[in-house]
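Chemist: any chance you can model this:
(chains A and B)
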Amino acid sequence: MEGTVERHTIATVVDNEPGVLARVIGLFSGRGYNIESLTVAEVDEANNLSRITIVTSGTPMIIEQIKAQLARLVPVHRVSDLTVEGPHVERELALIKVAAVGEKRVESLRVADIFRARVVDSTERSFVFETTGSTGKVEAFIELMKPLGLVDVSRTGVVAIARGAGAM
Amino acid sequence: MAREQMGGSEIIIKALVDQGVDVIFGYPGGAVLPIYDVLFGQNNLRHVLVRQEGGAVHAAEGYARSTGKVGVVLVTSGPGATNAVTGLADALMDSIPVVCLTGQVATHMIGNDAFQEADTVGITRPCTKHNYLVKDVADLARVLHEAFYVARSGRPGPVVVDLPKDVMMAHGPYVSPASVKHRSYRPRVKGDLALVREAIDMIAAAERPIFYTGGGVVNSGPAASQLLVELVRLTGYPITSTLMGLGAYPASDRQFLGMLGMHGTYEANLAMAGCDLMVAVGARFDDRVTGRLDAFSRGSKKIQIDIDPSSINKNVSVDLAIIGDVGHVLEDMIKVWKSSVARPNGEALAAWWAQIEEWRRRDCLGYRTSDDVIKPQQAIERLYELTRDRDVYVTTDVGQHQMWAAQFFKFEQPNRWMTSGGLGTMGYGLPAAVGVQVAHPDSLVVQIAGDASFLMNVQELSTVAQHNLPIKVFVVNNRYMGMVRQWQELLHGGRYSESHMVSQPDLVKLAGAFGATGLRVTDPADLDAAIEKMISTDGAVVCDVVVDSDENCLPMVPSGAPHYEMILGDENEGKAKAEVGDDGLALV
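Modeler: Modelled structure (predicted):
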């Protein structure tokens, strides 16, 4: 396959029904596509629709295939490649646990402040920070926490939405 | 107005009848007994009892492919469903509309490892177009109607509806097919007219064009085949077909170059390699067609017409893609062609045809007959000659005999040729023939079988007997898994590892045991008489045609080779050695 590997953020609106996530994941594993992150939640209770945001990578030909394969799944209503369809916002949320005392504990708070991360749990020996932002920001925060006593990370993966007034 | 309440099993049968189903292929078991109980007391649906559930799916495929209708399967839970999996995967690969109803343990037992429980929707998810588990009888009728809609719409495929036993026993409302509209699935059938115009401009400007057509034409219906013939004749261009597309264009026509691909003709493959414009119609650039991808028809512009957007640019990048049903797009193309002033460059086209005729003179399908032993090509060629004036349908298994059938049996109409193309399922032919004969009781249905493939579903001879199906099984018997043997000869140094069918049963006696007539022919001089006898004998016949064990199916594009590099027959008397690198050996 020619072409360089690109990272794309793809949003899909699907019927909120049993098995729909398995179909999407099975498509990726069965055809050997990458999943860098995947998030899913119901977004429209009245119409019983969920939104799945997938960050994937591949050559342009593979990315086209991924979109076409997603679109032909029967419960998939819409597929939108946010990376090519114009400006969009990507965010993820991370919960980051740091176990530290003394100077490192103080330093972790200072860094958290710079990143506008919130303390959502605190003990004498640990903090849990909540941070939101782009993947790059979350990763930078985690990197800085490593020497300060990082013990656990939980991330949502990317959610994304197009900028402007239009709906998907 | 209160809607009528019915038992779940009655809903199922009514939904099938309202969908126009007249026959189902199945096998009962504990989890589907309520459905079979309703079947017992009605006359609208015919049930064909197979001998293993895999046979039921292939029979439904044969029925679907020969009629254009949806084939219907009914099997029980657990092993009934898992036995059906191969057939479902086969139908998915070949885009065959099938609805498969599977029994399931009662909803409250699901997940408890109950007797004959399997996660049927989980197992069949990647080998169906879509599947459903119906947990509430209120959804039952809607889901069944949706299943038929999904199976036959767009690119057709198999749909499983998993039915827990308590849902069959519960009472709920019935809704008619007309009241069901799918929420999200709306495949595009009309092509973009601007793109059609662009395509016609490209077609008119081409100097070395070729039509490359596939199973999508057959799936689009007989009208699409007629439109294809019209367009191809209007242009005067050459046409080649995939294995799946055979019959969509009449094989005896001068413009038809035969099948292309791994065992395609020299002229078809070289024309594909040398063309300046390729018009792919309902064909998906399968690896059996393209050979080594980076060497595939590098100099040509490519137009692709397909109903499935995921078939576009999957293996081969095309210059112009038209998404839509082949029939609709061909109709528009003909209209645009007729109203367009642009016409092909006659001189260039004449030169192109002259080149093609030169390739044709290579007579790549030529073989040498012998006085002592029947050649497999000869067996199929004679079968074709002696049945060509009849109303004949052909099914095959998978392997050498299948490729010879594709090469030597000339199909003039669509829906006459049933073969497992994508999945390559040995044992497909006999149960598929069951489905074809059930759909066409008065036609001649011939299964061209390999001796190894035939044994894979030979139990279906019992189905043939029960339903008095006059199927003619034409076994091209070389005592080998012939294609495995051929690859071992050409690619693995002649080490015939486990490909020799030792202890083969006596097929004449085997036929007799199943109540069929058994014939055997070994002498080339008796071949025609044996074929005539097979055709004229009432009821089912197994004709054991003992052929040369060592014959190879040629031409052959070795795995990993470009599609224009073929091993040809007579230059090396069928004893060719393929030069294949490690990369090629890794390919199937």
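
Chemist: hey, let's count contacts and neighbours off CA atoms from now on
Modeler: OK.

Chemist: what residue in chain A comes nearest to chain B?
Modeler: Taking CA to the nearest CA as the measure, chain A has A:A68 as its residue closest to chain B, at 4.7 Å.

Chemist: stretch B:179-197: how far from the chain's middle?
Modeler: Going by CA atoms, centre = their mean, to the nearest Å, the spacing between the C-alpha centre of stretch B:179-197 and its chain's C-alpha centre is 25 Å.

Chemist: which residues touch the residue of chain B found nearest chain A?
Modeler: For chain B and chain A, the shortest gap (CA to the nearest CA) falls at B:S310, measuring 4.7 Å. B:S310 sits next to A:Q65, A:A68, A:Q69, A:R72 when contact means CA atoms under 8 Å, 6 or more residues apart in numbering or on different chains.

Chemist: run through the helices of chain A in chain order.
Modeler: With DSSP state H, the ranges of helices along chain A come out as A:20-31, A:60-71, A:102-114, A:135-145.

Chemist: and A:F129, which of those is closest to it?
Modeler: Taking CA to CA as the criterion, A:F129 comes closest to helix A:102-114 out of the helices of chain A, the separation being 7.4 Å.

Chemist: quick one: list the elements packing against that closest one.
Modeler: In terms of contacts (3 or more CA pairs under 8 Å, 6 or more residues apart in numbering or on different chains; DSSP states H and E), helix A:102-114 is packed against helix A:135-145.

Chemist: buried residues in the helix it packs on, which are they?
Modeler: Within helix A:135-145, the residues that qualify as buried by neighbour count (16 or more other CA atoms under 10 Å in any protein chain shown) are A:T135, A:V138, A:F141, A:I142, A:M145.

Chemist: around chain B, pick out the residues from chain A.
Modeler: Contact residues (CA under 8 Å from any CA of the partner chain) of chain A with chain B: A:23, A:26-27, A:30, A:61-62, A:65, A:68-69, A:72-77.

Chemist: pLDDT weak spots in chain A?
Modeler: Residue ranges of chain A with pLDDT under 70: A:1-2.

Chemist: if you set the cut-off to 90 instead, what comes out?
Modeler: Judged against pLDDT under 90, the low-scoring parts of chain A cover residues A:1-3, A:168.

Chemist: same question, the stretch 451-588 of chain B
Modeler: B:502-503, B:559-560, B:569-588.

Chemist: any idea how far B:D276 is from B:A194?
Modeler: B:D276 sits 22 Å away from B:A194, taking CA to CA, to the nearest Å as the criterion.

Chemist: what about the two, which has more around it?
Modeler: Neighbours per residue, other CA atoms under 10 Å in any protein chain shown: of B:D276 and B:A194, the larger number sits with B:D276, 20 against 10.

Chemist: now that one: closest residue in space that isn't a chain neighbour?
Modeler: Among residues not flanking B:D276 along the chain, B:S300 sits closest, at 4.1 Å (CA to CA, 6 or more residues apart in numbering or on different chains).

Chemist: give the contact list for the one you found.
Modeler: Counting by CA under 8 Å, 6+ apart, the residues that B:S300 touches are B:G274, B:C275, B:D276, B:L277, B:M278.

Chemist: and the residues you listed as JSON lines, adding pLDDT?
Modeler: Conversion of the contacts of B:S300 to JSON lines gives the following (pLDDT from 0 to 100):
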{"residue": "B:G274", "pLDDT": "97"}
{"residue": "B:C275", "pLDDT": "98"}
{"residue": "B:D276", "pLDDT": "98"}
{"residue": "B:L277", "pLDDT": "98"}
{"residue": "B:M278", "pLDDT": "98"}
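
Chemist: most surrounded residue in the residues you listed?
Modeler: Busiest of the contacts of B:S300 [other CA under 10 Å] is B:M278, holding 28 neighbours.

Chemist: please verify my assumption that that one contacts B:I305.
Modeler: No: taking contacts as CA atoms under 8 Å, B:M278 lies outside contact range of B:I305: 11.0 Å.

Chemist: now do the strands in chain A.
Modeler: Assigned by DSSP state E, the strands in chain A fall at A:6-15, A:37-44, A:49-58, A:76-81, A:88-99, A:118-122, A:126-133, A:150-155, A:159-162.

Chemist: can you say which of those strands is nearest to B:D319?
Modeler: When the strands of chain A are compared for distance to B:D319 using CA to CA, the nearest one is strand A:49-58, at 20.9 Å.

Chemist: what pairs with that closest one, parallel or antiparallel?
Modeler: Each strand paired with strand A:49-58, and its direction, by DSSP bridges: strand A:6-15 (antiparallel), strand A:37-44 (antiparallel).

Chemist: return the most buried member of those strands.
Modeler: Per-residue neighbour counts averaged over each of the strands paired with strand A:49-58 give the maximum for strand A:6-15, namely a mean of 21 (mean count of other CA atoms under 10 Å in any protein chain shown).

Chemist: coming back round to it: export the contacts of B:S310 to JSON lines and append columns for distance to B:V159.
Modeler: As requested, those are arranged in JSON lines below (distance: CA to CA, whole Å):
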{"residue": "A:Q65", "distance to B:V159": "22"}
{"residue": "A:A68", "distance to B:V159": "20"}
{"residue": "A:Q69", "distance to B:V159": "17"}
{"residue": "A:R72", "distance to B:V159": "14"}
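
Chemist: list just the nearest of those residues to B:A513.
Modeler: Closest approach between the contacts of B:S310 and B:A513, by CA to CA: A:R72, at 47.6 Å.

Chemist: please enumerate the strands of the stretch 1-150 of chain B.
Modeler: Listed in chain order, the strands of the stretch 1-150 of chain B (DSSP state E, counting those that start in this stretch) span B:5-7, B:23-26, B:46-49, B:71-75, B:98-104, B:130-133.

Chemist: tell me what angle the longest one forms with strand B:71-75.
Modeler: Calculated by axes from the mean of the first three to the mean of the last three CA atoms, to 10 degrees, strand B:98-104 forms an angle of 10 degrees with strand B:71-75.
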